[in-house]
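Asks: pasting a predicted model and its sequence here:
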Amino acid sequence: MPSRLAEAFRDHPVDLHQNHLDFNSAREVPDSYAWPPLGDETLGDYKYGVESVPIIDLSDPVNSVKEQMGRACETWGVFQITNHGIPMSLLEKVQAEGRRLFSLPAQQKLKAARSPDGISGYGVARISSFFPKLMWSEGFTIVGSPAEHARQLWPQDYSKFCEVMEEYEKEMKVLAGRLTLLMLGSLGITKEDIKWAGPRGEFKDACAALQLNSYPACPDPKRAMGLAAHTDSTLLTVLYQNSTSGLQVLRGGKWITVPPITGALVVNVGDLLHILSNGRYTSVLHRAVVNRTYHRLSVAYLYGPPMNVQISPLSKLVNPRNPPLYRPVTWSEYLGTKAKHFNKALSSVRLCAPLNGFVDVNDHNRVKVG
Ligand SMILES: O=C(O)CCC(=O)C(=O)O
Ligand SMILES: [Fe+2]
């Protein structure tokens with residue numbers, strides 16, 4: 001059984017056609033990248049919409065933070081956080097190093113290409129294999145030390161990149177553990193209820209990956225897709241999107257833009273938290289769109305449990321009136337299910353069909369993706 005994230009990916013290779021388009025010189029969107037046009041009517045613009053993604057100040061009293069998070073997780077499956085303790089200077093360094101990477105010539109980046117059964121390195125989004133069209137984006141995935149691939153990109157000068165990314169991973173691990181306790185805390189769950197939390201709730205054995213996403217400016221953004229609709233196969237994801245918008249979440253059948261707030265981080269509920277909470281918290285369907293003017297960069301910290309820990313609805317949340325809705329899965333097993341079933345993965349581990357007349361808002365089968 002794989003015990004590390006990289007091994008889990010080795011067990012579930014996906015068929016990815018490597019992307020050789022040099023976005024920077026593209027004057028139009030080639031047919032292989034042309035998606036059905038995005039309609040304005042589906043874009044719930046935050047400037048005009050009445051609803052917006054909740055913003056939670058982590059310096060508020062802890063009970064208030066838990067209560068706000070609980071509400072946000074139940075209704076949206078996503079929220080933004082401020083006063084989270086990650087220094088702005090570190091966010092800026094991560095952003096600068098990410099831009100340095102993606103502005104390398106295409107041939108240079110391909111030297112660090114992810115292998116077909118690998119997780120780390122440069123390449124197209126893993127979800128690409130589920131769509132007939134290519135996405136207007138490129139990515140670089142880091143698990144643990146980025147040294148091996150960074151050396152291929154900058155043989156003489158890779159240490160700065162590694163230092164910055166490793167510092168960010170360290171800070172993110174602490175923040176993600178803290179967020180896990182707060183989010184579960186609002187359901188009455190404590191660190192004692194989660195075996196792998198460790199005595200101080202430090203989640204020492206948690207696994208994670210850092211995903212740098214680059215969305216070059218696009219000559220025809222309405223016909224292109226940065227990253228197609230998906231949920232994250234994580235417990236939670238912490239996303240830094242800096243100042244350029246592009247992230248959208250599906251709510252009430254509309255795509256709502258998550259407005260960039262300087263220094264804030266976006267937190268998504270992932271599929272595993274959805275399972276742990278027995279469906280009380282919604283893993284949010286989201287996507288990234290592109291724009292004509294700006295090169296957008298986002299940095300996602302994909303956080304999950306140790307690979308071989310069984311994740312199932314927490315016993316405190318289950319009773320005769322609320323039977324468990326999902327069967328136990330390890331993260332490793334769930335990644336395999338996702339590699340096969342993609343957006344139907346969550347329903348494929350569901351134990352009972354939704355009751356008659358009960359509309360399961362969390363069933364992503366019902367949503368036409370893309
Ligand atoms: O770029 C974004 O805003 C979204 C990225 C994302 O969803 C992911 O990396 O899983
Ligand atoms: Fe995502």
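Replies: Noted; the coordinates are in hand. Ligands and ions are numbered 1, 2, ... in the order given.

Asks: find the nearest non-adjacent residue to the residue in the stretch 101-250 of the chain that ligand 1 sits nearest to, please.
Replies: Each residue of the stretch 101-250 of the chain has a distance to ligand 1, by C-beta to the nearest ligand atom, and the smallest belongs to residue 247, at 3.4 Å. C-beta here means a position set from N, CA and C on the backbone, and glycine is covered the same way. Counting by C-beta to C-beta, 6 or more residues apart in numbering, the nearest residue to residue 247 once its immediate chain neighbours are dropped is residue 258, at 4.4 Å.

Asks: next: residue 300.
Replies: For residue 300, the nearest residue in space outside its immediate sequence neighbours is residue 211; the separation is 4.3 Å by C-beta to C-beta, 6+ apart.

Asks: could you point out which element follows the strand or helix carrying that neighbour?
Replies: Secondary-structure assignment from DSSP states H and E places residue 211 in strand 207-215. If you walk from strand 207-215 toward the C-terminus, the next helix or strand you reach (DSSP H and E) is strand 227-230.

Asks: mind listing residues that contact that following strand?
Replies: With contact meaning C-beta atoms under 8 Å, 6 or more residues apart in numbering, strand 227-230 is reached by 125, 127, 130-131, 135, 137, 213, 215, 250, 285-288, 342-343, 367, 369-370.

Asks: and those, which are buried?
Replies: The neighbour-count test (16 or more other C-beta atoms under 10 Å) marks 125, 127, 130-131, 135, 137, 213, 215, 250, 285-288, 342-343, 369 as buried among the contacts of strand 227-230.

Asks: so which of these are in strands?
Replies: When strands are assigned by DSSP state E, the members of the buried ones among the contacts of strand 227-230 inside them are 213, 215, 250, 286, 287, 288.

Asks: intersect those with the contacts of ligand 1.
Replies: Cross-checking those against ligand 1 (C-beta under 6 Å from any ligand atom) gives 213, 286, 288 as the overlapping residues.

Asks: quick check: bridge partners of the first one?
Replies: Listed by DSSP bridges, the beta-bridge partners for residue 213 are residue 139, residue 298.

Asks: do the second one as well
Replies: Per DSSP bridges, the residues bridged to residue 286 are residue 230, residue 249.

Asks: identify the residues contacting it.
Replies: Counting by C-beta under 8 Å, 6+ apart, residue 286 makes contact with 78, 229, 230, 231, 247, 248, 249, 250, 258, 268.

Asks: from residue 206, how far off is the second one?
Replies: The reference is to residue 229. Shown here: residue 229 relative to residue 206, a distance of 26 Å by C-beta to C-beta, to the nearest Å.

Asks: repeat that for the fifth one.
Replies: Using C-beta to C-beta, we find residue 247 at a distance of 24 Å from residue 206.

Asks: neighbour count winner among those two?
Replies: Neighbours were counted for residue 247 and for residue 206 using other C-beta atoms under 10 Å; residue 247 has more, 26 against 20.

Asks: what residues are up against the more buried one?
Replies: Counting by C-beta under 8 Å, 6+ apart, residue 247 touches 239, 241, 257, 258, 266, 286, 287, 288, 298.

Asks: cool, residue 225 as well?
Replies: So residue 225 contacts 35, 38, 133, 135, 136, 287, 289, 290, 370 (C-beta under 8 Å, 6+ apart).

Asks: JSON lines for the ones in strands among the buried ones among the contacts of strand 227-230, including pLDDT?
Replies: Rendered in JSON lines, the data for those read as follows (pLDDT from 0 to 100):
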{"residue": "213", "pLDDT": "98"}
{"residue": "215", "pLDDT": "97"}
{"residue": "250", "pLDDT": "94"}
{"residue": "286", "pLDDT": "97"}
{"residue": "287", "pLDDT": "97"}
{"residue": "288", "pLDDT": "97"}
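
Asks: quick check, nearest of those residues to residue 60?
Replies: Within these, distances to residue 60 taken as C-beta to C-beta reach their minimum at residue 286, with 25.1 Å.

Asks: how far away is the closest one from residue 317?
Replies: Taking C-beta to C-beta as the measure, residue 286 and residue 317 are separated by 25 Å.

Asks: touching ligand 1 at all, the helix or strand harbouring residue 267?
Replies: Residue 267 is part of strand 265-269 when elements are defined by DSSP H and E. No - using C-beta under 6 Å from any ligand atom, strand 265-269 stays clear of ligand 1, with a minimum separation of 7.3 Å.

Asks: give me the residues contacting that strand.
Replies: Contacting residues not belonging to strand 265-269 are listed as 53, 73, 77-81, 84, 86, 175, 179, 183, 232, 234, 236-241, 247, 258, 281-284, 286 [C-beta under 8 Å, 6+ apart].

Asks: swap in stretch 146-155?
Replies: Residues outside stretch 146-155 that contact it (C-beta under 8 Å, 6+ apart) are 101, 104, 108-109, 111-112, 120-122, 140, 142, 158, 161-162, 165-166.

Asks: buried set for that stretch?
Replies: Taking 16+ other C-beta under 10 Å as the criterion, stretch 146-155 shows 146, 149, 150, 151, 152, 153, 154 as buried.

Asks: do stretch 23-32 as well
Replies: Buried residues in stretch 23-32, counting neighbours by 16+ other C-beta under 10 Å, are found at 23, 26, 29.

Asks: again with stretch 260-279
Replies: Of the residues in stretch 260-279, 260-261, 263-279 count as buried by neighbour count, 16+ other C-beta under 10 Å.

Asks: appreciated, that's everything.
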